[in-house]
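Trainee: Okay, predicted coordinates and the sequence, questions at the end:
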Amino acid sequence: MKYTQNPITFMQYIFLIHGVQVGVGLLTLPRELAEKAGTDGWIALIIGWLFSTLASLIIIQVMKNYPNGTIIDLITHYFGKWCGKIAAVIFILYYAFIGSTIFVREGLFIQFWILPQTNMVILLLLLSIPSYLIVRNNITIVGRYAELVFFMTIWMFFFYFNPLKEAHWLHLLPIIKEGWFPILKAVKTTIFSFLGFEIAFFLYPFLQQKHKASIGIVIANTLTLIVFLIVTIVAFTFYSPDEITQYKEPTINLLKIVEFKFLERLEIVYLSFYIFVISTTVLPIFFVTVFSVSQLFGKQDHSKYVGWLLLLNLVYVFFLPQSFDRNTHFQKMGEPISFLLGYAFPLCLWVYLLLYSHLKRRAIK
Amino acid sequence: MLFFRNYRNKQRQQSSFKMQNNDLTEKVISPLLLENLAEIQKIFSETTDLIVKNFVIKQTKCPAALVYLSGLTDTKTVNNHVLRPLLFEANKEEQDFEVQVSLGLVKENSTWQEIENAILQGNSVLFIDQRHIAFIFDTQGWPQRGIEDTNIESSLRGEHLGFTETGSNNIAMIRRHIPNRELKMKEMTVGARGNLKLTILYLADVANPDVLKELVDRINKLEVDGILNAASLTEYIEDNPYSPFPQLFLTERPDFAAGEILQGRIVTVVDRSPNVLIGPATFEIFFKSMDDYGARWIVASFIRLMRYFGFFIAIFLPATYIAVIAFHFEIVPLKLLLSIGASRERVPFPPFIEAIIMEITLEMLREAGIRLPAKIGQTVGIVGGIVIGQAAVQAGIVSNIMVIVVALTAIASFIIPNYDMGAAIRLLRFPMMIAAAIFGFVGLAVGLMTLIAHVIALESLGTPYGSPFAPLRFPDWKDLFIRFPEWSIVKRPESTRAIQRKRANSNRPKGDEH
């Protein structure tokens, strides 16, 4: 009942999920794929998309069992109060960890590319201002933000067609040149690129048209696939297979060749705007974190935890100097947990709920 | 402690300001004329503009007294339509009805409070000996100006009547546009001393009742001694008082107000103020002007687009300049960079200081020009123009490019048709400049993000302010950047939450039909 007060529309639902999926990962994605699978990496993307779509659909099936609550409500309903609390704590820790890692990574990229002399803490403090303003509101506002930012940043995508003028399509051939094994190795990377769909665990009760939840999440995944695929293929065809692995962020380097009569070094402007794209990843994650905290304590209002979360992030960055290496290390550390929560957990839960309803029906008979 | 004292002060003030009205609420007039006149003298002590005219009504031979305030009544009406019939005319056929006046509105009342209010509002009150009621005649006539062309919202094709300070005239001007029985009104009074009359106008079968209720509730909650104009009323009832953006639309154009009523919005006519309030307002309504609907739609769309472009120029151009010069000069192509460098060669200040000097000068010039009489105002413009344009550059205080940037910014902020929004934009430029001076483009992006975050969360009378951008409502985009031809806009905007969406039928032949 309480979730219907701040509903999100179908479009907001799509762009929230899509926004969480596309973020900092895209900047390094072509290199990571090229390192593992060479120019066949794009096939791994499609396989990764298949997996993520399957997992997304399973999540929706799970949520259908308890349509008017988040995953925490669902667990509380089926497994009892204490399991619900434990689940809430796990989700809070997971999202706080992921959110903070991405937030820091965003700061690192900005520092590396645009403001090399600015202190990390000050940079994150700056980024915290709009984050606070948005996350303290309800999910409707976060949804509106994701929706608006998608349409606001759509033009950035079209710059990637510019390098195609000098594309060498031969780089892609022959397809599957080294067999399936490297591709499958790259799938390990891509299934993490698509992570973010598991936020549907928390969005589902807010969605107005619940019958469209499945199609919406498929659309969101597909949008993400299109973005990933085009950027990756442009990078693969523009750079030679060996050259691409030398760049840390080929996605940004690609734009260096775009030039206007009145503007050079487009990538600086681009990356400044890319903060918007990253914010649609970070903000919903922050929202889910504080929202789960409020659920844990049984409070209606989540807004007072937002400041604490951001402050905690700042304190953490202040005392623990950040670098790309450490950040990447954290990201790798988070991957098994992400896999468990995004893929394994919904599957197990789904199977359990199927058995549960089956047994219950039999018991009634 | 301080809080406690304030609280007690507040309580005392409130109770004292209730007292004055309370002692009259229940009191009724007496049948004796002399007693009533004594009471009048008591209420209106030290009121030199009070006039008490004692006479005998010719019809009934009863002693009577007419009481009114001299400046607030129309002397001609009092003389010709009240005093003359009572003093000189006797109608033998209608013996039973003794008050024979040639006026449309005559009220009868017996409570002192009503009588006091009536006198204070410019009515004249007739007391008759041996009667338990007093007669209130509508003889209002206060000093007022004629209806003139609008001042700040002038237009080429729209009507050339502006609202005046008389609420009833303003209502009439709106009703001229919508002579429909569904145009309903709610009358309210605000202010314990000011007794300001507010009239809420809306189309009963179109406007959303929740929005109406929200507005009425907020006005009802007001406790204040007096409100002097519509703009200060908005400050009491708007949603977010800390926002730089106006959340209710103030207009002095009857055609604009009527148009918004037809869209499903609610108009509050504030007596004694030449502006009316329109709510719920959205961000985009501040970028509309009446001329958009008077020009060809292609032209109107072009102007609309320029306004939105101007919005971004006015907020971000000086900031972008600062960011580019101070941080990211590498993004400027070499030739352009050289010419910028040549113009900045002699300037000793960092770009932020340079920009601040110019912007502050310009803002001061603008403010100086507004308050001064037209003739001196021109001089200020010329002096300012020459100082900024020539002397400052030659003296090496600012660069030529900076002058161009500032001039562009000023022009851009002036093409916003609404004054409040223009002012908000002029103010927002400064935090953006500071952000750009510290963080370059990142500061700009974060500034824009903060702006968006603020607008998205803003509401006007409980309806989203950012609509149709956020929440995204594509059907409403027909009247946003591009103004589609009028016949193609068949639905009212979703952002007004109108309960009746359809406003027209598109009967134009399509395809091969004609």
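Mentor: That came through, no problem.
Trainee: Looking at stretch B:252-269 now, give me its mean pLDDT.
Mentor: Stretch B:252-269 carries an average pLDDT of 94.
Trainee: okay, how far is it across that stretch, tip to tip?
Mentor: Stretch B:252-269 has an end-to-end distance of 10 Å (Cα to Cα, to the nearest Å).
Trainee: Repeat that for stretch B:131-141.
Mentor: With Cα to Cα as the measure, stretch B:131-141 spans 27 Å from end to end.
Trainee: what residues does it touch?
Mentor: Applying Cβ atoms under 8 Å, 6 or more residues apart in numbering or on different chains, the contact partners of stretch B:131-141 are B:28-29, B:31, B:36, B:62, B:68, B:72-78, B:81-82, B:99, B:101, B:103-110, B:114-115, B:118, B:121-128. (Glycine included, C-beta is placed from N, CA and C.)
Trainee: any idea of the mean pLDDT in that stretch?
Mentor: On average, stretch B:131-141 scores 87.
Trainee: same deal with stretch B:366-373?
Mentor: Computed over stretch B:366-373, the mean pLDDT rounds to 82.
Trainee: Identify each buried residue in that stretch, please.
Mentor: B:366, B:369 (16 or more other Cβ atoms under 10 Å in any protein chain shown).
Trainee: same check, this time on stretch B:397-411
Mentor: B:397, B:398, B:399, B:400, B:401, B:402, B:403, B:405, B:406, B:408, B:409, B:410.
Trainee: The helix ranked longest in chain B and chain A, are they touching?
Mentor: Selection of the longest helix in chain B by residue count, based on DSSP state H, yields helix B:419-457. Yes - using Cβ under 8 Å from any Cβ of the partner chain, helix B:419-457 comes into contact with chain A via B:435, B:439-446, B:449-450, B:452-454, B:456-457.
Trainee: Would you indicate which residues of that helix are buried?
Mentor: Quick answer for helix B:419-457 (16+ other Cβ under 10 Å): B:420-422, B:424-426, B:428-433, B:435-457.
Trainee: What helices and strands are in contact with that helix?
Mentor: Applying 3 or more Cβ pairs under 8 Å, 6 or more residues apart in numbering or on different chains; DSSP states H and E, one finds that helix B:419-457 makes contact with helix A:120-135, helix A:139-152, helix A:266-296, helix B:297-326, helix B:351-371, helix B:400-414.
Trainee: so after the fourth one, what's the next helix or strand?
Mentor: What that stands for is helix B:297-326. The C-terminal neighbour of helix B:297-326 among helices and strands, as given by DSSP states H and E, is helix B:334-344.
Trainee: That next one near chain A anywhere?
Mentor: Yes - interface with chain A: helix B:334-344 contributes residue B:336 (Cβ under 8 Å from any Cβ).
Trainee: tilt between that helix and helix B:351-371?
Mentor: 70 degrees (axes from the mean of the first three to the mean of the last three Cα atoms, to 10 degrees).
Trainee: which parts of helix B:334-344 are buried?
Mentor: Under 16+ other Cβ under 10 Å, the buried positions of helix B:334-344 are B:337, B:340, B:343, B:344.
Trainee: can you pull the contacts of the first one?
Mentor: The neighbourhood of residue B:337, defined by Cβ under 8 Å, 6+ apart, consists of residue B:329.
Trainee: on that earlier part again, nearest to residue B:87, out of the helices and strands packed on helix B:419-457?
Mentor: Comparison of those against residue B:87 by Cβ to Cβ identifies helix B:351-371 as nearest, at 50.9 Å.
Trainee: Show me what that closest one is packed up against.
Mentor: Using 3+ Cβ pairs under 8 Å, 6+ apart, helix B:351-371 sits against helix B:297-326, helix B:374-386, helix B:400-414, helix B:419-457.
Trainee: continuing past the longest one, what's the next helix or strand?
Mentor: Read it as helix B:419-457. strand B:459-460.
Trainee: got it, and the shortest one?
Mentor: The helix or strand immediately downstream of helix B:374-386 is helix B:392-394, counting by DSSP H and E.
Trainee: Pull the residues that contact that next one.
Mentor: Against helix B:392-394 from outside (Cβ under 8 Å, 6+ apart): B:358, B:398, B:399, B:400, B:403.
Trainee: Turn those residues into CSV, columns for pLDDT and distance to residue B:138.
Mentor: Formatted as CSV, the contacts of helix B:392-394 follow (pLDDT from 0 to 100; distance: Cβ to Cβ, whole Å):
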residue, pLDDT, distance to residue B:138
B:358, 89, 57
B:398, 88, 62
B:399, 89, 66
B:400, 88, 65
B:403, 89, 60
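Trainee: ok, back up a step: dump the buried residues of stretch B:397-411 into JSON lines; add distance to chain A as well.
Mentor: Formatted as JSON lines, the buried residues of stretch B:397-411 follow (distance: Cβ to the nearest Cβ, whole Å):
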{"residue": "B:397", "distance to chain A": "27"}
{"residue": "B:398", "distance to chain A": "22"}
{"residue": "B:399", "distance to chain A": "18"}
{"residue": "B:400", "distance to chain A": "18"}
{"residue": "B:401", "distance to chain A": "14"}
{"residue": "B:402", "distance to chain A": "18"}
{"residue": "B:403", "distance to chain A": "20"}
{"residue": "B:405", "distance to chain A": "15"}
{"residue": "B:406", "distance to chain A": "20"}
{"residue": "B:408", "distance to chain A": "15"}
{"residue": "B:409", "distance to chain A": "18"}
{"residue": "B:410", "distance to chain A": "22"}
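Trainee: Determine which two of those are furthest apart.
Mentor: B:397 and B:408 (19.1 Å).
Trainee: Show me which of the buried residues of stretch B:397-411 is closest to residue B:89.
Mentor: residue B:410 (66.5 Å).
Trainee: give the contact list for the residue nearest to that closest one when sequence neighbours are not counted.
Mentor: Leaving aside its sequence neighbours, residue B:410 sits nearest to residue B:362 (Cβ to Cβ, 6 or more residues apart in numbering or on different chains; 5.6 Å). By Cβ under 8 Å, 6+ apart, the contact list for residue B:362 reads B:384, B:388, B:406, B:410.
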